[in-house]
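>>> Just a sequence and a predicted model for now, questions to come.
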Amino acid sequence: MKFAKQLGLRSIPSWAPYYLDYRSLKQYIKTAFKELAEPLQPLESLDSFSDDEKTTISKPDSAVEFNKGDGFTQDPDSRDIAEGQEEQPQQDQHVSLTTTINDNNVGKSIRDVQESNGGVLKDAAREEKIKGIAEGFKTLLWAELEKVNARYEAKERLAAVTLERLSASWRANFTPAQLKQWRGELTVLILSLEYLLEFSQTNITGFKKIIKKFDKHFRSFHSSDSIAAQPSIVASTTQGSEQSVDGNTGHHQGTHDPTNVITLLGSSVDSDAAGPLSMFNALGIHGRSTPTIYLPRDYPEPASSLHLQEPFIRQLQSPSTNLKGDFYHDYFGGVSAQSLEFWRMVTERTFAKSEKDERLLAEARTLWRKRAPVVPEHVSSIPVSVDLKDYPVWDGLDLDCLPSGRLTRLWIVLAEDAMSTPIRVPVIVAKGVRPGPVVGLTAALHGNELNGIPLTHRLVLQEIQCQALHGIVVAVPVVNVPGYLTQQRGFSDGTDLNRLMPGKKNGSTSQVYSYNLMTRIIRHFTHLIDLHTASKGRVNSLYVRANMQNATTRHMAQLQNPQIIVHNTSPDGSLRGAAMSEYNIPAITVEIGDPSRFQKRFVKSAILGVTNILSHLKMIEDDDEVQDYDPVVCAKSYWIFTKGGGILNVLPDVNTWVRKGEVIATLHNIFGDEEHRYFAPEDGIVVGKSVDPVCQSGCRILHLGIVTDHFPEGKIDDGHM
């Protein structure tokens, strides 16, 4: 996966000029090291599709385009694009070559060619050239760090001042207009702080990846005499004494400076640890979510680590065992000391080490919840304790009549069957004690898609405390009751309810059912999360479909934190699309795995995502649980279909990457002869796929997600009918 493309899709549109210019840094690395590779030019093999996969052909890069969507939440920095146009990083264009040289053999292949041609670059000249390249990269990296850090610090200071002002300006005797203005300013502040967190984490990831890319090239061209094949760990029982280390490049003896000790917080290194320790794990490279280790201030300058007579040696101490090990020679856990120096430059910046933004966000959300007025207690006519069969039956949802600070179960009638019996859907309402948004959760709109049911139960019945809730959560565990009872996808007449919305007041049975669902339940929501799974014969990843050009739904999709996010404007007749077009309700679709089963792992992850959204809306306290996934954002997706019939075998698993031209499926006839092979039309990630071997012409093969630089304009759907 090309990170530059993900950066364009993940960036906050109005903050785009202030992100690191990943492409420029990448282009510098490729261009600078390419000169060392003449007459062969294998460097593009190092810019792999992902860290562990082969290379791919990348199309010419185009400038990242951002489109400000319409949403309920106003972008606090909508003016930044106009004011910062001149600061927009220039996008470089390049076409990478196709090559399959193994990373581990790149350096060897280059040296063999150089030797066979009489040595194009002498060792000394090459070392000087490499040092010059490293210094040039350091200069560019410093400039990008300053740009990112300046933006972060400015926003952090502004947020701190604004929060202090709002906290001091609160008055208990505010008029309704003054209260509305005060809460509006606080809402903008909270959104700005959430943006600040996303901004810092995205840039931390970007700097990590570009340093890793530099390190790949650097190690490939470094002299073979100065590279240790695998770093060793030698147990030590003394501190600061002479150590004798025997490695692949010779012996080194010396006295260790205690100031050079790097202590790992929250981790341990045993004396018998044989494998290399990754720099990114050891130094908290993943960002502020894990303990960050900062290198000593007296860390050597980059040039010193390139000399053989000054090998890189540092001690590592285990807090649990007090044992020490020596990581020696020019590479630390397979990563050069030069790259460690670059990472130190990152970790010294405020955006990489400060946690003030997280504290400010928590304080702002607390202030919001603290200053919200209490909802007057309403005495409902609904009995507090009733039998399951005696839950009240209503013709429509009336949230004002429900008691505050309580959980209410009821039925809503949407139609009648041929026996004049009401067709009613179950509804669970958690109403808080203070005002706030009304978030709706709908599950089983397709009768055999069940994973949303336990999600609604656990969230509303276990996770939410009504006495601490701001706003209302409405859960509809089963929307398509006739389909659920017959264990089928469609309605009783076989139609797909998710292609009939908003229905018709005077239409077919399924159209009337859809119309009443919209008017009696959905229209009361301020936000909608529609829960689905794959259909029969198919399997899905945990993914979200959302209009990523709409500011609110884009943020909801990111907060849901699935495996994959797909930009999708919604097909005609869908519940999500009708909610947004008919009632201006921001809505996303969450696809939770496979049909006709409960998948606890996916359900748990989806619950964490929903609580993220509730927390963002200031309805519940912040959730401190760590998310399971770092989603891949796809600018578009589509299904691939068969041309003929037979026995279908789809090869790649869901949530895995495929390359253009890779075999993705085979089709055999009933006698066992292979009739056809299907190939990936372009690079992408498998969002879902068919697992039913019985295949007719036009059956689905797999759902392919495509990562590009920007979200396309206009209507975008996956062809899912």
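Thanks, I have it. These numbers come from a predicted model, not from an experiment.

>>> going forward, measure contacts between C-alpha atoms and count neighbours the same way
Noted.

>>> For the stretch 501-650 of the chain, which residues score under the pLDDT cut-off?
623-627 (pLDDT under 70).

>>> domain assignment for this structure?
Split into domains by automatic domain parsing, the chain comes to 242-337, 372-634, 636-706.

>>> just those: most buried one?
domain 372-634 (a mean of 20; mean count of other Cα atoms under 10 Å).

>>> just to revisit the earlier point, let's have the domains of the chain in TSV, adding distance to residue 11.
Output for these, formatted as TSV (distance: least, Cα to Cα, whole Å):
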stretch	distance to residue 11
domain 242-337	17
domain 372-634	11
domain 636-706	17
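
>>> which residues of the stretch 51-200 of the chain fall in strands?
For the stretch 51-200 of the chain, strands defined by DSSP state E, counting those that start in this stretch do not occur.

>>> hey, where'd the strands end up in the stretch 601-721 of the chain?
Using DSSP E, counting those that start in this stretch, strands in the stretch 601-721 of the chain cover 632-634, 636-641, 646-650, 657-658, 663-668, 674-679, 684-690, 694-695, 700-706.

>>> and those as TSV, adding distance to residue 530?
Shown next, in TSV, are these (distance: least, Cα to Cα, whole Å):
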stretch	distance to residue 530
strand 632-634	19
strand 636-641	19
strand 646-650	28
strand 657-658	27
strand 663-668	30
strand 674-679	33
strand 684-690	18
strand 694-695	29
strand 700-706	20
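
>>> Mind checking these for the one nearest to residue 392?
With Cα to Cα as the measure, strand 684-690 is the member of these nearest residue 392 (40.0 Å).

>>> how about residue 496, phi and psi?
With angles defined as degrees, to the nearest 10, residue 496 sits at phi -90, psi 110.

>>> And residue 437, by the same measure?
Dihedral angles for residue 437 - degrees, to the nearest 10 - are phi -70, psi 160.

>>> got it, and the one 3 residues further on?
Geometry field for residue 440 lists phi and psi as phi -100, psi 140, criterion degrees, to the nearest 10.

>>> one step back: quick one, which of the strands of the stretch 601-721 of the chain is nearest to residue 515?
Closest among the strands of the stretch 601-721 of the chain, using Cα to Cα: strand 636-641, at 29.0 Å.

>>> That closest one pairs with which strands, parallel or anti?
Partners of strand 636-641 in the sheet, by DSSP bridges, are strand 700-706 (antiparallel).

>>> Could you tell me which residues make contact with the nearest residue to residue 356 once chain neighbours are set aside?
Leaving out its chain neighbours, the residue that sits closest to residue 356 by Cα to Cα, 6 or more residues apart in numbering is residue 156, at 7.7 Å. Applying Cα atoms under 8 Å, 6 or more residues apart in numbering to residue 156 gives the contacts 193, 196, 356, 357.

>>> Which one of the domains of the chain lies nearest to residue 14?
So among those, domain 372-634 is nearest, using Cα to Cα, at 10.8 Å.

>>> which SS class is residue 369?
Secondary structure assignment for residue 369 (DSSP: H, G, I helix; E, B strand; the rest coil): helix.

>>> ok, it - how many residues close by?
20 (other Cα atoms under 10 Å).

>>> That one contacts residue 618, correct?
Yes - contact criterion Cα atoms under 8 Å: residue 369 and residue 618 qualify, at 6.8 Å.

>>> Look up the residues that both of these two are in contact with.
residue 470.

>>> got the CA positions of stretch 610-623 in CSV?
Provided in CSV are the C-alpha atoms of stretch 610-623 (Å, rounded to 0.1, in the frame of the first residue of the first chain):
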residue,chain,number,x,y,z
VAL,A,610,-19.7,3.2,18.3
THR,A,611,-18.6,4.4,21.7
ASN,A,612,-16.0,6.5,20.0
ILE,A,613,-18.7,8.3,18.1
LEU,A,614,-20.8,8.7,21.2
SER,A,615,-17.8,10.1,23.0
HIS,A,616,-17.1,12.5,20.1
LEU,A,617,-20.7,13.7,20.4
LYS,A,618,-20.1,14.4,24.1
MET,A,619,-22.8,11.8,25.1
ILE,A,620,-20.6,9.6,27.2
GLU,A,621,-17.2,9.8,28.9
ASP,A,622,-14.1,9.1,26.8
ASP,A,623,-13.4,5.5,26.1
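
>>> Which residues does it contact?
362, 365-366, 368-369, 436-437, 464, 468-471, 556, 559-560, 608.

>>> rewinding a little: can you tell which of the domains of the chain is closest to residue 177?
With Cα to Cα, the closest approach to residue 177 among the domains of the chain belongs to domain 372-634: 14.1 Å.

>>> And that closest one, end to end?
End-to-end distance of domain 372-634: 38 Å, with Cα to Cα, to the nearest Å as the criterion.

>>> swap in stretch 168-184?
Start-to-end, stretch 168-184 (Cα to Cα) is 16 Å.

>>> Show the average pLDDT along that stretch.
Per-residue pLDDT values over stretch 168-184 give a mean of 89.

>>> Buried ones in it, by neighbour count?
Buried residues in stretch 168-184, defined by neighbour count with 16 or more other Cα atoms under 10 Å: 179, 182, 183.

>>> ok so, going back, wait, which of the strands of the stretch 601-721 of the chain is closest to residue 455?
Here strand 684-690 is closest among these (Cα to Cα), at 20.8 Å.

>>> Quick one: residues in contact with stretch 700-714.
1, 4-6, 8-9, 61-66, 548-549, 566-567, 633-642, 650, 665, 683-690.

>>> 7 Å instead?
5, 8-9, 64-66, 633-642, 650, 683-690 (Cα atoms under 7 Å, 6 or more residues apart in numbering).
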